[in-house]
Every structure is written in C-alpha cells, then in structure tokens.
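Novice: what shape does this take:
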Amino acid sequence: MPPQNNSKNTIIFMVIAGLMLLAYSFFVMQPQAERQRAERAAAEQQAAATAASGPSGAAAAPVFVEDRQAARAQAGPRVAIRTDTVSGSLSLRGARIDDLFLTRYKETLAPNSPSVELFRPEGMRHGYQALFGWDGPNVRGGVPGKDTPWQLTQGTELTPTTPITLTWDNGAGLRFTRRIAIDDQYLFTVTDTVANFSGQPVQIAPWGRVERRGIPGDLGRNQILHEGGIGTFGSEGDYATQQLKYQAWAKKPSQSFASTGGWMGMTDKYWLAAMIPAQDEKIDAGFFVTEQANYETHAVLMRGEAHTIAPNAQISETTRLFAGAKRNEILAGYEKSLDLPRFIYAIDWGFLFFLTRPMFLVVEFFFGVLGNFGLAILALTLVVRLIMFPLANKSYESMSRMRTLAPKLEELKKKYPDDPASQQKEMMALYQKEKINPLAGCLPLLIQIPFFYAVYKMLTVTIEMRHQPFFGWIRDLSAADPSTIWNLYGLIPWDPSTVPVIGTFLTTNASLSVLAIVYGLTMWLQMAMSPPATDPMQRRIFQFMPVVFTFIMATFPAGLLIYWAWSNVLTIFQQYIIMHRLKTENPIDTFFARFKKA
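Specialist: Residues are numbered from 1 along each chain as shown. I've put the predicted structure just below:
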C-alpha cells in the first residue's frame, strides 16, 4: 500500500477512535456509572433494612451507626487528639486510632465544608482505623489486642506537647505500658513496654494493623492513579514498592512480604495511613481481605520479630503511624529523618516519575515565587518550551518549507493522478532537492506527549494542586473547568446537570467550557499554520480534529488545559516568527492583510 494511503488511514483511524471514545463515554460509561451508584445505594438500603433480621440460623448482617457520636460512644472511653493539622480521638478499647480529621483540608470549596475525614469509628459504615497489639498464644493471662480495655494513666489529651500513657495488666505477671505521642504534622509514635513479673520467660511478638471495613464506591476506580494497599519492602538498600488496587484486592485476598524495615498501609488519592516499623527490624507484612456479611474488610498487617522476655525483665517496641495528607515536602522530610525507603513514592508519580516529580518541583518553585499555581503552570510550560526550542525550531522551519512546497505537491498529484508509485518517487526527490524532512514536523508533538501526560499526572495526584485557584471562576486547577455554554456561563440561573439522561454529559464532555474552547481555538490555529495535507479527505479530517478534541478535553483538569493551551500559544508564536522570516504564507498575516486592504 502506498505511504500516503497509510498516512491517510492512520489519521482516519485516530479521528474515528476519538469519536468512538466520546460516544462510549456518553452512551456507555456515564449510564453505567449512574447505574452502579443506584445499585450501591439500593444495596446499602437493603442491608440496613434487613440487618437485624437475617435468615434463621445465619449470622445477622451488621447494624451500622449513622451518627458519629453514637459510634464513638459504643467504643467506650476516649482520649481527644488535637494538633494544628488533625483532630479527633482514640478509643481506650484496644487503643484504636479510629477517629481522625485533617483540619487543614476541606471536603469541598464551600465555605462551610467539613474537614476531610481520614479514620472513622468501627461501628459506622466504612469504618477505618489503625490498631496495635501483641501475639502470644501461649501466654498465661493473654496479651493486649483489639478489644483490650486500656487504662489512661498519664495525660488527658494527645497533643504535640502532651503525649499520653496507657497501661494494662494481664493479671498473670505481665504489665503492658503504651506511650502514644504525635508530632506537629501527621506522625504518631507508639512505644510499647512489656515488663515480665511472672517468674517464667515469655515469648510475644508485636503487630500493627490498618483496616478498612468496606470500601466507598468512589475509591479505586480512577485508572490514572493508585488507591489501595501500598508498601515498600526489602532489605540492605534493595527496596521495592508494592501496590494493590482496591478493585484487584478481592482477587488476591492474601499477599505476604518479608522485609527489614520499610513501611506499609493504605492510600487514597491524597491521603495515606501507613505503619512504620523500626528500620532495622525484620517483619512479616501482608495485604489481606476478609469476607463479612455485607462488606469486605481490607487490612494491611505487620508482624514483628518474636521477643523472649526473661523474668523480672522488660522490652520496648516502637512503631510509628503516618496518618495524613501526602504532601511532597512532608513525606520527603519523614523519609530523611526516619531513613525510610521510597516514602515519597506514596505519591503515585507513575511510570514517568523521572518527569512527573521534577516537573512538580519546578511548579512548586514557581509557586513560591509567583504565589499562584496557575501562573506556576504557565511558567513551567515556558521552561518546557525553552528546553525543546532548538529541536522545535528546526522542525518548524521544515514545516514552513513544506508549506511553500504545497503548490508543487499539488502539481505532482495532477501529473500522476493514477500512478501513486511515481507520485511518491517524485515527492521524495523534491524533498531531497529542497533538503526537507517531511517527518520532522511530527517530532515536537511526539516529544510533547510524555510532558503532557506528566503534567496530567502531576495535577491529578499532588495534593498541592487540590483546590488551588487560578483567576476568576477557576477555583480548582485539579478539577475540570466548571463553566458551561448551556447556562451561558452563569448568566442563566439554571443547572444543566439536572436534565434527565444527558445532564452529566452537558456538564462534562459537551459543556464547551471556556478553557476547552480556548484550547480548541489554539489547536485549530496551530494546525492551520502547519503544512496542508495533500489529500482532500485528510484536510477535512484535520479541520474537524480541533472540534473533536474540544469536547474530549472538556473533562480534563483546568490546569492541564491551561498548560496545553498556553503551550499551543507559544508554539504558534514560534511558528509565526519562523514563517514570517521565511516569508511563508500563514493565517495570521493573511488575517491582518484583509484589514490593510479594507
């Protein structure tokens, strides 16, 4: 098949694929998502209705408490937790850290929005907590576990300056003392001391557990980021990060890892709960799923080495818990101070981490200078364009010369209308004579694709971008542009999302938001300045592509559209300078020439 036909078919395929993706999103994915939400709501209602009266002989489904205060009361006495970054409480039953809010982050942009919830008491739906205990099956009198009634013996409130001390005596010669401290960020330090007064040696092993009882339906479904189990395991400097998405966890209900030190826990998009053992301690860790009546319990379990405690001796074991926001500088700080392996990779930088993280650091630097993440993204775009300037310059010069050859290429088509082989041969000879590489114009686009993905990833996974405004109506760079043409961008007091069946589509792909339109226009102008396709069908396809991508890009984060549209503007400016210097016809000069004639 002739090369030009291959090119034509490739372009047609790309456009059709884009249209199919748009149609699939509208006609399949959105109805499916709405149906799944309805099914989950119905299932939860049914579970609540039948919880107390299960089939005869069968275990009754759990009755969840909707009120947080009631759930807190069910767990018994509590100790308040209060810092500048978190608030909540821990239960003395099992010394559970099970009630925690991140006070510096709100659920939404609304002025009265509540703080982000991290941990939730066990009695509530989707309970989420961290626990610590000891294993000792042959220990007379037992060891503390998840339901142990600890006594508060020192302190009244857990703050960065006031740690608390809990004690429990097993009545058979073992006394357990637990000191819990918290720093001014998100790190709990749990120090257990076990004293043996039994007169016999005792062997016990420490454990830690982060568990979630039922996963909220919106978690684990975003394909561009990881949500689920996560941990870094290894020894002697050879560590690897393991990830297990919530959706895949049920298919692998038990996975075990041996490690010296490391860390492990559960991660959401922006939040992390991770246990951190002493970095010189050998541990066994694992990701587990346990089937319950109406939900699954996902747990990350860490078990330390067994200790033999001689009579009249004692041992101490220190375990830390990170429970908070995945801010890059905070994770990096703990990684350095605690000598943690790969802790910054709790943020899902992706397979292009060598681009994503440096680009984030550049944006963060510009934010420190400019005070606005949107302006920082514009500055990052300029840096990327400057790095690619030499290659792009050569490519655009080649494209400009290709544009001047367009009439000669048309003549070749007319000269050999029924002889594609001769037509191609003459075209190659013409390119060689003019010293033009017809593929050179594709290089800038191909090189930009990894940067485009890295910016998208950065905007999606970094909490620093969350709820960060630009100017005007853009109040969250990590979310899609909320403007829509269907209410004339707020001039009509009407919410298009309320339209049956197509409401979601009207406010996402078909919103024709301001940023999506700006992006589409810059894409159209950039393509208009490129060499025209020799085939009429290809020309029509290229003309239609900006329209297609205007709809496709409408659902992407506003920060990404700002980056891409600004990149297009810089490309257009660079192309114009070159085309103007080479006296090549271009749509900008053509446009202004009309006014001169008038």
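
Novice: what's downstream of the helix or strand where L166 lies, the next helix or strand?
Specialist: Using DSSP states H and E, L166 maps to strand 164-169. Once strand 164-169 ends, the next helix or strand along the chain (criterion: DSSP H and E) is strand 174-182.

Novice: ok, residues contacting that following strand?
Specialist: Contact with strand 174-182 is made by 81, 83, 86, 90, 95, 132, 134, 139, 141, 143-144, 150, 158-160, 163-170, 188-198, 202, as judged by C-beta atoms under 8 Å, 6 or more residues apart in numbering. Backbone N, C-alpha and C define where each C-beta goes, glycine included.

Novice: please, a ChimeraX command that selects the buried ones among these?
Specialist: One line in ChimeraX is enough to select the buried ones among the contacts of strand 174-182; burial here means 16 or more other C-beta atoms under 10 Å:
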select :81,83,86,90,95,132,134,139,143,144,150,158,159,163,164,165,166,168,170,188,190,191,192,193,194,195,196,198,202
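
Novice: of the contacts of strand 174-182, which belong to strands?
Specialist: Among these, the members found in strands (DSSP state E) are 81, 86, 90, 132, 134, 158, 164-169, 188-196, 202.

Novice: so what does the strand holding L166 touch, helix or strand wise?
Specialist: On a contact count with 3 or more C-beta pairs under 8 Å, 6 or more residues apart in numbering; DSSP states H and E, strand 164-169 meets strand 151-154, strand 174-182.

Novice: got the angle for the last one vs strand 164-169?
Specialist: I take that to be strand 174-182. Counting by axes from the mean of the first three to the mean of the last three C-alpha atoms, to 10 degrees, strand 174-182 lies at 160 degrees to strand 164-169.

Novice: residue closest to the middle of the chain?
Specialist: V461 (3.3 Å; C-alpha atoms, centre = their mean).

Novice: give the full set of residues in contact with it.
Specialist: Contacts of V461 by C-beta under 8 Å, 6+ apart are 225, 269, 347-350.

Novice: rerun at 7 Å
Specialist: By C-beta atoms under 7 Å, 6 or more residues apart in numbering, V461 lies in contact with 225, 269, 347-348.

Novice: kindly report the same for S91.
Specialist: 75-76, 78, 98.

Novice: tell me the spacing between it and Q74.
Specialist: Plainly put, S91 is 9 Å away from Q74 if you go by C-beta to C-beta, to the nearest Å.

Novice: for P160, same thing?
Specialist: 29 Å.

Novice: what does F542 give?
Specialist: For F542, the distance to Q74 - C-beta to C-beta - is 65 Å.

Novice: tell me which of those two has more neighbours.
Specialist: F542 (17 against 14; other C-beta atoms under 10 Å).

Novice: just checking, R140 touches G171?
Specialist: No. Taking C-beta atoms under 7 Å as the definition, R140 is not a contact partner of G171, at 9.1 Å.

Novice: neighbour count winner among these two?
Specialist: R140 (13 against 9).

Novice: got a list of what that one touches?
Specialist: A172.

Novice: just A71 next, same as before
Specialist: So A71 contacts 65, 121, 123-124 (C-beta under 7 Å, 6+ apart).

Novice: widest-spaced pair of the residues you listed?
Specialist: Greatest spacing in those, by C-beta to C-beta: V65 and P121 (8.0 Å).

Novice: quick one, which of the two is more surrounded?
Specialist: When neighbours are counted by other C-beta under 10 Å, V65 and P121 differ, and P121 comes out ahead with 24 against 18.

Novice: what's the pLDDT at the more buried one?
Specialist: Listed pLDDT for P121 reads 93.

Novice: skip the chain neighbours and tell me the closest residue to it.
Specialist: Closest residue in space to P121, ignoring its immediate chain neighbours: A71 at 4.0 Å, by C-beta to C-beta, 6 or more residues apart in numbering.

Novice: distance of that neighbour from G503?
Specialist: Separation of A71 from G503 (C-beta to C-beta): 35 Å.

Novice: now E291
Specialist: 37 Å.

Novice: looking at Y576 now. What's its pLDDT?
Specialist: 86.

Novice: so which residues make contact with the host helix or strand of it?
Specialist: For Y576, the host element (DSSP H and E) is helix 558-581. For helix 558-581, contacts defined as C-beta under 7 Å, 6+ apart pick out 374, 377-378, 381-382, 385, 392, 396-397, 400, 452, 455-456, 459, 465, 470, 474, 477-481, 515-516, 518-519, 522-523, 525-526, 529, 553, 586, 588-589.

Novice: how close does the residue of the chain positioned farthest from its centre get to A480?
Specialist: Seen from the C-alpha centroid of the chain, the residue lying at the greatest distance (C-alpha atoms, centre = their mean) is K415, 55.6 Å away. In this structure, K415 and A480 are 50 Å apart, going by C-beta to C-beta.

Novice: for Q432, same thing?
Specialist: 47 Å.

Novice: so for those two, which sits in the more crowded spot?
Specialist: Between Q432 and A480, counted using other C-beta under 10 Å, the more crowded position is A480 (21 against 10).

Novice: pLDDT wise, what is the more buried one at?
Specialist: With respect to pLDDT, A480 has a value of 92.

Novice: wait, it sits on A516?
Specialist: No. Contact between A480 and A516 fails when scored by C-beta under 7 Å: they sit 8.7 Å apart.

Novice: overlap of the contact sets of those two?
Specialist: Common neighbours of A480 and A516 (criterion: C-beta under 7 Å, 6+ apart): A554.

Novice: by mean pLDDT, which helix or strand of this protein comes out lowest?
Specialist: One helix or strand of the chain scores below all others by mean pLDDT, DSSP states H and E: helix 30-50, with a mean of 47.

Novice: what's the first helix or strand after it?
Specialist: Defined by DSSP H and E, the subsequent element after helix 30-50 is helix 68-74.

Novice: quick one: average confidence on that next one?
Specialist: 88.

Novice: for the nearest residue to S198 once chain neighbours are set aside, phi and psi?
Specialist: Distances taken as C-beta to C-beta, 6+ apart place G173 nearest to S198, at 2.8 Å, with adjacent residues excluded. Torsion angles at G173 (phi, psi; degrees, to the nearest 10) stand at phi 100, psi 0.

Novice: what separation is there between G173 and I309?
Specialist: 10 Å.

Novice: overlap in contacts, the two.
Specialist: What both G173 and I309 touch, as defined by C-beta under 7 Å, 6+ apart, is the set N196.

Novice: test my guess that M529 contacts P587.
Specialist: Yes. The pair M529 / P587 is scored as a contact, 6.2 Å apart, by C-beta under 7 Å.

Novice: what about the two, which has more around it?
Specialist: More crowded of M529 and P587, by other C-beta under 10 Å: M529, with 22 against 15.

Novice: pLDDT value on that one, please?
Specialist: 82.

Novice: same check on S422?
Specialist: S422 is given a pLDDT of 78.

Novice: ok, now P2?
Specialist: Reading off the model, P2 has pLDDT 41.

Novice: what's around the residue lying closest to V384 once chain neighbours are set aside, how many residues?
Specialist: For V384, ignoring the flanking residues on the chain, the nearest one in space by C-beta to C-beta, 6+ apart is F451 at 5.5 Å. Per other C-beta under 10 Å, the neighbour tally for F451 reads 22.

Novice: noted, bye for now.
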